[in-house]
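A.B. asks: let me see the structure of the following:
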Amino acid sequence: MDICLLRAGPQDVPAAPVILTLAVGAYLFLGLAVGLSAHPPPQALILTVADIALLSALLYLLLRWRGLLARFAQSLTALAGTGALLSLASWPILLWLQALHAAGEAIGGPSLLLLALVIWSVVVAGHILRHALNVPLVMGLLWSLLYLLISWNLSALLIGAPS
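C.D. replies: Residues are numbered from 1 along each chain as shown. This is a model prediction of the structure:
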C-alpha cells in the first residue's frame, strides 16, 4: 500500500520468492476477476496471462538493458502487488459502469473514476520503474505509459477489440 501511495519503492519489498509468488498470484486472481466482468472466461484468462507475461518480459528487458537484473524479483513483486491492489480498486467501478450502461444511464461518474485510477496506476508503475531503473520519474512514467499502450494493443490483438 505504501508503494501505491508513493511512500516506498521496490527496494523496500523483501526479495523473497514466496512474496513474489503471492504478489503475482494476487495479480493473476484479481486480473482474472476483473476480466470476467467484461469478457468470457477463456478471453479473461488469455488477457490476464498475457498481461503478466508482458509485464514480466518488459521489466526483465529493461533491467537487463540497464544492468540491474538483480532487482527483478523485488521490482516484479512491487508491480504485481500494486497492480493487484489497483485491480481490486477498479473492480467495483467497472461493475458500476456496466450496470449503468445496461440500464441506459449516464456513465460519466464511473468513467471519470476509472480514468483517474488508470492515471494513478501509470504514476505508481512509473514510480516503481524510476527506482528499479535508476532513472528520473519522467522516464519511469514514459516506460509505464509504453507498457500501458503495448498492453492495450496486445489485448486488442488477442481478442479482436479493445479491452
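
A.B. asks: does the longest helix along the chain pack against any helices or strands, and if so which?
C.D. replies: Longest helix in the chain by number of residues, with DSSP state H as the criterion: helix 72-103. Identification of packing neighbours for helix 72-103 by 3 or more Cβ pairs under 8 Å, 6 or more residues apart in numbering; DSSP states H and E yields helix 17-36, helix 41-66, helix 108-133. Bear in mind the C-beta positions are built from the backbone N, C-alpha and C, glycine included.

A.B. asks: rebuild those as TSV, extending it with mean pLDDT, mean neighbour count and distance to Ser151.
C.D. replies: Converted to TSV, the helices and strands packed on helix 72-103 look like this (pLDDT from 0 to 100; neighbours: other Cβ atoms under 10 Å; distance: least, Cβ to Cβ, whole Å):
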stretch	mean pLDDT	mean neighbour count	distance to Ser151
helix 17-36	95	17	11
helix 41-66	96	16	6
helix 108-133	94	18	11
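
A.B. asks: out of those helices, nearest to Pro10?
C.D. replies: With respect to Pro10, and counting by Cβ to Cβ, the nearest of those is helix 108-133 at 5.2 Å.

A.B. asks: report all helices and strands that the closest one contacts.
C.D. replies: Packed against helix 108-133, as judged by 3+ Cβ pairs under 8 Å, 6+ apart, are the following elements: helix 41-66, helix 72-103, helix 137-159.

A.B. asks: was I right about Asp2 contacting Gln11?
C.D. replies: No: the pair Asp2 / Gln11 is not scored as a contact, 12.0 Å apart, by Cβ atoms under 8 Å.

A.B. asks: chain neighbours aside, what residue packs nearest to the residue minimising distance to the centre of the chain?
C.D. replies: In the chain, the C-alpha nearest the mean C-alpha coordinate belongs to Gly83, at 4.1 Å (Cα atoms, centre = their mean). Nearest non-adjacent residue to Gly83, counting by Cβ to Cβ, 6 or more residues apart in numbering: Tyr27, 4.9 Å away.

A.B. asks: I appreciate the help and will end here.
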